[in-house]
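Participant: Return atomic coordinates for the entry below.
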Amino acid sequence: MGYYDPLKDYLMGCDSDEVVLTFARIEEILGRTLPPSARKYDAWWANVGDGAATRHSHARSWHAAGYRARADRAGGTVVFYRAVRPSKDEVAPSPDAPRDGGQVVALIACASRKQDAPCRAAELYAPSTLFSLSYAYARTLTDRIYILSAKHGLVGEDAVIAPYDETLNDMPADGRRAWAEGVLSQLGRVCDLRRDQFIILAGRNYYEYLLPGLANVTLPLGNLPLGKRIELLHRLNASFEEAPSGAEGAALWLHRLFERLPRYEWRDIDAIPFEDGIVIAYERGETYRGYARVVRVGTHTAPGRLKQRLMDHFDREDRNASIFRRHIGRALLNRAKDPYLDIWSLDTSRQPDRDREDARTAARVERDVSAYMRVNLSFSVIPVASADSRLRLGEAIVATLHQAKNFAPSDSWLGHYSPDSQIRASGLWQKRSLNAAPLTADESLQLARIIVPGM
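Facilitator: Numbering: from 1, shown residues only. Take a look at the predicted model:
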C-alpha cells in the first residue's frame, strides 16, 4: 500500500461534496505523521488541475478520489472539495502503488553510526549527522524515501531493522555490483525504473552500479568528501528566512525556493489558478546542484495575459509571436545544419521579409519546435499581480542566475547549438536582462513570501 492510499480510500468512501479534516485527523487516517512541509507551506496542498501530472504523490491521491484541497494552515484544517465523482469501478491506481511511475524517489545511504536496538530504519541511522541531514533534505523534496542498506539492500523508512556492522565501503567491486543488482530488482517491484526520478544521497560506492539501471537520476551531493557533503546539506536545509549570500548562494537559494512551486506541463496551462505571473521554465536533463535547472524566466506586460503567453510558446505555432520559439527553432536548425536558419531568424510578420518565407518549410519547423518544447519543457508560475513587480522580479531572477559562475548547462543541452553566443554562454533561452541588477535582499524576501506564504 502506498503512503497516501489510506487518505484516498477515506475520501473515496465519502459522499459529501466537502470534507473538512484536521491535520491530526489526516494523520490518524494515514497512520503516520504528515511531513513538516505540510504544516509550513501552502504549496504542499497545491492542486495542479484535473488530470494534470504532478510529481507530488499526496496531491495525486486526493485527485484520484475526485477531490481538490484547500488548506487553512493557521487553523490546522484542510477542506477537500468535490471536483469530479469517479466511478468506483474505474478508479485510477494509487500514485504510490508499485510501478505507477512519474514520482520522485529519494535513496539515502545507510550509515555506520546507528541506534543500539531495533527500530524504524529512518530512526536507526539518526545518530549519523550525514544521514540525518540527508533525510531532512529528502523530506523537503518527496514523501517517498528508501534507504540503501549494505546488509538488506532496499529498505523502506518504516521497516523495523536491527543494528548491523556491514558497509559497502569495504566491499570489493564484484560484491557491490551484485548488491546493486539486488537493489534494482527490489526497486523494480515498487518503482518505475524508467519514469520515476531518483535522487540519490550517497557516496560513489553506493550509487556507482545503480546508475546504469535508472533512467532519471540526480546526485545532489556528487562524490564530495564527507565534510563537504555535510556542509552542502546544511545549506540545502537552510531556512528561507536566511538571506542568500554571494552569487552561488543566491542561485542555489532560488532553485530551492522554486521547488516549492507546483510544476506544470503544456497541457496544464488552463489549470493555472491565476492570470498574472512570472514563468520559470525547466528542460529535461538540465540540473543545478541536484535541482531542476532553470532555463528561462518569462513574464508578460498586459494584465491577464499569462496563459495566453504560455499558449504562444507551446501551442500557437508562430515564432513571430514567441521569441522563445524562435530561439528553440534556431538551435534545432543549426544542429541540423539546415540552411533555412537564415530565414527562420527573420521577423516574417512584416515586409520585406514576409515574401522570403516558405510556408511549407516554416510549418515543418514550427511542428518540430512544438514537439521539442512539449516533450522536454515544463514550468512553474509565480503569481505576481503588478506588471511593474513582474518585470522587475523577472529580470532580477535572470541576472541573479547569470551571475553564478557554476550555473552551467549540461554538455547535451540543446542551447549549445544556438547561433547566439549569449544563450550559449548563459545557459538560458534568453538574451535580455542578463546584465540587469540582481535581486536585492528585500526583493528576495518578497519573492520568498509570495512562494512560501506566512514565512
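
Participant: switch to C-alpha atoms for all contacts and neighbour counts from now on
Facilitator: OK.

Participant: what sits against A117?
Facilitator: Residues in contact with A117 (Cα atoms under 8 Å, 6 or more residues apart in numbering) are 162-163.

Participant: Any chance of the backbone angles for it?
Facilitator: phi -150, psi 160 (degrees, to the nearest 10).

Participant: gap between it and P163?
Facilitator: A117 sits 6 Å away from P163, going by Cα to Cα, to the nearest Å.

Participant: Same check on R82?
Facilitator: 46 Å.

Participant: Please apply the same query to H327.
Facilitator: Distance of H327 to P163, computed by Cα to Cα: 56 Å.

Participant: Tell me which of the two has more neighbours.
Facilitator: Set H327 next to P163 and count neighbours by other Cα atoms under 10 Å: H327 wins out with 22 against 16.

Participant: OK, contacts around that one?
Facilitator: The contact partners of H327, taken as Cα under 8 Å, 6+ apart, are 418, 429-430.

Participant: same thing with E248?
Facilitator: 403-407 are the contacts of E248 under Cα under 8 Å, 6+ apart.

Participant: Give me the buried positions along the host helix or strand of it.
Facilitator: Using DSSP states H and E, E248 falls within helix 246-258. Neighbour counts using 16 or more other Cα atoms under 10 Å place 247-248, 250-256, 258 of helix 246-258 among the buried residues.

Participant: Tabulate those residues in a markdown table, adding columns for pLDDT.
Facilitator: Formatted as a markdown table, the buried residues of helix 246-258 follow (pLDDT from 0 to 100):
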| residue | pLDDT |
| --- | --- |
| A247 | 80 |
| E248 | 81 |
| A250 | 90 |
| A251 | 92 |
| L252 | 89 |
| W253 | 89 |
| L254 | 93 |
| H255 | 91 |
| R256 | 85 |
| F258 | 89 |
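
Participant: distance between the ends of stretch 318-327?
Facilitator: One end of stretch 318-327 sits 12 Å from the other (Cα to Cα).

Participant: let's number from 795 now, not from 1
Facilitator: Okay, using 795 as the starting number, the last item reads as stretch 1112-1121.

Participant: Please verify my assumption that P1232 contacts T1194.
Facilitator: Yes. Using Cα atoms under 8 Å, P1232 is in contact with T1194, at 4.6 Å.

Participant: What's the local residue count around R1144?
Facilitator: 10.

Participant: One more: D1147?
Facilitator: D1147 has 12 neighbours, counted by other Cα under 10 Å.

Participant: For it, which residues are in contact?
Facilitator: By Cα under 8 Å, 6+ apart, the contact list for D1147 reads 1140-1141.

Participant: do you know how far it is from S1238?
Facilitator: 43 Å.

Participant: just Y1003 next, same as before
Facilitator: 40 Å.

Participant: Now A1096: closest residue in space that isn't a chain neighbour?
Facilitator: The spatially closest residue to A1096, leaving aside those adjacent along the chain, is A1181, at 7.3 Å (Cα to Cα, 6 or more residues apart in numbering).

Participant: List phi and psi for L1013.
Facilitator: With angles defined as degrees, to the nearest 10, L1013 sits at phi -120, psi 80.

Participant: give me the number of residues near the closest residue to it other than its chain neighbours?
Facilitator: Counting by Cα to Cα, 6+ apart, the nearest residue to L1013 once its immediate chain neighbours are dropped is I994, at 5.4 Å. Around I994 there are 27 other residues, counting by other Cα under 10 Å.

Participant: I994 and T1012 touch, don't they?
Facilitator: Yes. Here I994 reaches T1012: they are 6.4 Å apart, a contact under Cα under 8 Å.

Participant: can I get the contacts of E1042 in a markdown table with secondary structure and pLDDT?
Facilitator: Formatted as a markdown table, the contacts of E1042 follow (DSSP: H, G, I helix; E, B strand; the rest coil; pLDDT from 0 to 100):
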| residue | secondary structure | pLDDT |
| --- | --- | --- |
| Q1197 | helix | 93 |
| A1198 | coil | 92 |
| K1199 | coil | 87 |
| N1200 | coil | 88 |
| F1201 | coil | 93 |
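
Participant: tell me which of the residues you listed is nearest to V1169?
Facilitator: Ranked by distance to V1169 (Cα to Cα), these are led by F1201 at 23.3 Å.

Participant: How much space separates the closest one from A903?
Facilitator: F1201 is 27 Å from A903, by Cα to Cα.

Participant: neighbour count winner among these two?
Facilitator: A903 (25 against 21).

Participant: so what's that one up against?
Facilitator: Per Cα under 8 Å, 6+ apart, neighbours of A903: 925, 941-943, 995-997, 1000.

Participant: let's see it at 10 Å
Facilitator: A903 makes contact with 919, 924-925, 928-929, 940-944, 948, 961-962, 994-997, 999-1001, according to Cα atoms under 10 Å, 6 or more residues apart in numbering.

Participant: and if you look at Y940?
Facilitator: 899-904, 915-916, 929, 932, 947-953, 981, 994.
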